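Asker: Could you look at this predicted model? Sequence included:
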Amino acid sequence: MQAFDVVVIGAGPAGYIAAIRSAQLGLSTACIERWKTPQGKYALGGTCLNVGCIPSKALLESSENYERVLHKFKVHGITASGVKFDLATMLARKDQIVNKMAGGIAGLFKKNKITWLQGQGRFVSGGTSWKLEVQGDHGVETVEAKNVIIATGSKARHLAEAPVDNRLVCDNEGALSFAEVPERLGVIGAGVIGLELGSVWRRLGAKVKVLEALPGFLGAADEAVAAEAWKIFTREQGLDIELGMTLRGLKRTKSGLSVEYQTAAGKPAKFDCDRLIVSVGRVPNTDGLGAENVGLKIDARGFIEVDKNCRSSLPRVYAVGDVVRGPMLAHKGEEEGVMVAEIIAGQHGHVNYDAIPWVMYTAPEIAWVGKTEQQLKADGVAYRAGKSSFAYNGRALGRDESEGFVKMLADAKTDRILGVHAIGGQASELIAEAVVAIEFGAASEDIARICHAHPSLSEAMREAALAVDRRSLNN
Ligand code: FAD
Ligand code: NAI
């Protein structure tokens, strides 16, 4: 029986990073992964690489390029006629990126001498070490581990009213691979996936209708950002979003589906579409893990119970990423993977959960870190807010992306930055400065006094910091 210092279950961003960091620290490491490509090949990278972050961003870029040529070049004096796109090429490019990155992780495993155990992993028994079984294509192998890191991730939550077949009714897996652009696309859930993938297919020509159960839009975002996003997505881009609805069911029609629901006003309603995306959140993957064999504690919602250092209820068993509490974000899982590997190696790993950025890759992008204005109000924290609009930023105007703003929230007494919220082009890149600032405990005054290149979008960050002290220079 092979024995390891660390066995990681799951090779998504949380698991493969945990495996690499463990190996770097001199621990003998194996990683169990069951994921198979549609061609039946075992693959590393998890949801993020295979059916999440990476393929969705590849399609977002392609569809944005198409929209730019069609609608955004004219203002630069560039016209193009006969513009077409080939969806098969677009999808093939996305798949190539995924395959290249999956090969990259396999290469990193080799370089770091990590054993990749292919198949489904489960706990069999515990004691001074843990015994795990790996069910692969060629039978069952048992391995022994001093420490186990569970990184089994999550899967799409499905609804009884809209059973997913990944043909007509799709979760993220099907929605990243439509063979043709649906004429009419329905989306259930106006969250991150609904808005990102809804935008992809809208730009490629689909008429998109999004149905959302909650009465408010983008509840996790700062209210000012959510209001701006609502205005841009609905009024300017024509995304049809209906809030406060209740899904009743689906009927197959000759050409597709009829989606039946109740409106916010309580009236029955329906609409027809060719395809439907169900994006109503994700649930942790703990089935088939053998948790019951070793008494691993799982909470009522299916998450593995952990403390702030990702220690589970069992000795030397840790859990990281989507399968534990906290935001379901790839970089949050990566941070936890590094922390746990360092703790196992006797170091002081730690994750600052207050400095985890959020990004929505819509156009314009939305990004934030730290507290929203509504959270500070609810917590009774005295703060000062500064806002800087991209409409006054030369680089944004040059890029013809002058919508949106950066907003900074700082403690009224200490001036320490508590939250930064951005909506606009490249917000995903701009937010990194705010993450560094929060991590280093910076004050808004610090950002206001740092020289920012001109003309650059980053000047909006400085202007927002200046605005906290009511001394904007360009706004
Ligand atoms: P996963 O990536 O889900 O990986 C878990 C792995 O464990 C899987 O490969 C699974 O096969 C394996 N596994 C499970 N059980 C077993 C078992 N018993 N034995 C063996 N293997 C097992 N996040 C971002 O930060 N930015 C984004 O832009 C972003 N975009 C997204 C877009 C979409 C469409 C989706 C669906 C998600 C997106 N996310 C994004 C979220 C991100 O994908 C997840 O937060 C991230 O993948 C979680 O990483 P993880 O390692 O915890 O789990
Ligand atoms: P989500 O939690 O972002 O949004 C789900 C939405 O569906 C919510 O607005 C919710 O109110 C709504 N909803 C729930 N039940 C419903 C119902 N029965 N009818 C109608 N609406 C309903 O979840 P989503 O979009 O599925 O994404 C899952 C997770 O994946 C995200 O929370 C995020 O953690 C991650 N992700 C991150 C991305 C990024 O970082 N850019 C991109 C895509 C996903």
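Answerer: Yes, it's here. Numbering: from 1, shown residues only. Ligands and ions are numbered 1, 2, ... in the order given.
Asker: Tell me the residue of the stretch 101-250 of the chain that sits nearest ligand 1?
Answerer: Nearest residue of the stretch 101-250 of the chain to ligand 1, counting by C-beta to the nearest ligand atom: Gly153, 2.1 Å away. (Glycine included, C-beta is placed from N, CA and C.)
Asker: Tell me which residues touch that residue, please.
Answerer: Gly153 is in contact with Gly10, Gly12, Ala14, Gly15, Gly46, Thr47, Pro284, Asn285, Gly321, Asp322, Val323, Gly333, counting by C-beta atoms under 8 Å, 6 or more residues apart in numbering.
Asker: Show me what from the stretch 51-200 of the chain comes close to ligand 2.
Answerer: Within the stretch 51-200 of the chain, the residues that sit near ligand 2 (C-beta under 6 Å from any ligand atom) are Leu159, Ile188, Gly189, Ala190, Gly191, Val192, Ile193, Gly194, Glu196.
Asker: tell me which element the last one is part of?
Answerer: Counting by DSSP states H and E, the element that carries Glu196 is helix 192-203.
Asker: Going by neighbour count, which residues of that helix are buried?
Answerer: Val192, Ile193, Gly194, Leu195, Glu196, Leu197, Gly198, Ser199, Val200, Trp201, Arg202, Arg203 (16 or more other C-beta atoms under 10 Å).
Asker: What's the per-residue pLDDT of the fifth one here?
Answerer: Read it as Glu196. On pLDDT, Glu196 comes in at 95.
Asker: Might one say that it is in contact with Thr362?
Answerer: Yes. Using C-beta atoms under 8 Å, Glu196 is in contact with Thr362, at 6.1 Å.
Asker: can you tell me which residues contact the spatially closest residue to Thr372 that is not a sequence neighbour?
Answerer: Among residues not flanking Thr372 along the chain, Asp222 sits closest, at 4.1 Å (C-beta to C-beta, 6 or more residues apart in numbering). By C-beta under 8 Å, 6+ apart, the residues touching Asp222 are Trp368, Thr372, Glu373, Gln374, Lys407, Gly419, His421.
Asker: pLDDT score for the spatially closest residue to the third one that is not a sequence neighbour?
Answerer: Going back to what we said before, that points to Glu373. In space, and not counting its chain neighbours, Glu373 is closest to Asp222: 5.6 Å by C-beta to C-beta, 6+ apart. Note on Asp222: pLDDT of 98.
Asker: quick one: is the longest strand along the chain near ligand 1?
Answerer: Under DSSP state E, the strand in the chain containing the largest number of residues is strand 139-150. No. Judged by C-beta under 6 Å from any ligand atom, strand 139-150 and ligand 1 are separated, with a smallest distance of 8.4 Å.
Asker: Show me the contact partners of that strand.
Answerer: Contacts for strand 139-150 (C-beta under 8 Å, 6+ apart): 1-10, 15, 18-19, 22, 27, 30, 117, 119, 123-124, 129-134, 289, 304, 312, 316-320, 323, 337, 340-341, 344.
Asker: got the contact list for the residue in the stretch 51-200 of the chain positioned nearest to ligand 2?
Answerer: Closest residue of the stretch 51-200 of the chain to ligand 2, C-beta to the nearest ligand atom: Gly191 (1.7 Å). For Gly191, the contact set (C-beta under 8 Å, 6+ apart) comprises Ser279, Val280, Gly281.
Asker: Can you check those residues and name whichever has the most neighbours?
Answerer: Using other C-beta atoms under 10 Å as the neighbour criterion, Ser279 leads these with 24 neighbours.
Asker: residue contacts, that one?
Answerer: Contacts of Ser279 by C-beta under 8 Å, 6+ apart are Ala156, Asp171, Asn172, Ala175, Val187, Ile188, Gly189, Gly191, Val192, Ile193, Gly194, Leu197.
Asker: With Ile356 instead?
Answerer: Applying C-beta under 8 Å, 6+ apart, the residues contacting Ile356 are Gly326, Pro327, Leu329, His331, Lys332, Glu335, Val369.
Asker: residues making contact with the helix or strand hosting Val134?
Answerer: Secondary structure assignment for Val134, by DSSP H and E: strand 130-136. Contact partners of strand 130-136, identified using C-beta under 8 Å, 6+ apart, comprise 7, 9, 32, 117-125, 140-148, 290, 294, 316-317.
Asker: how about a cut-off of 6 Å?
Answerer: Outside of strand 130-136, the residues within contact range by C-beta atoms under 6 Å, 6 or more residues apart in numbering are 7, 32, 117-125, 140-145, 148.
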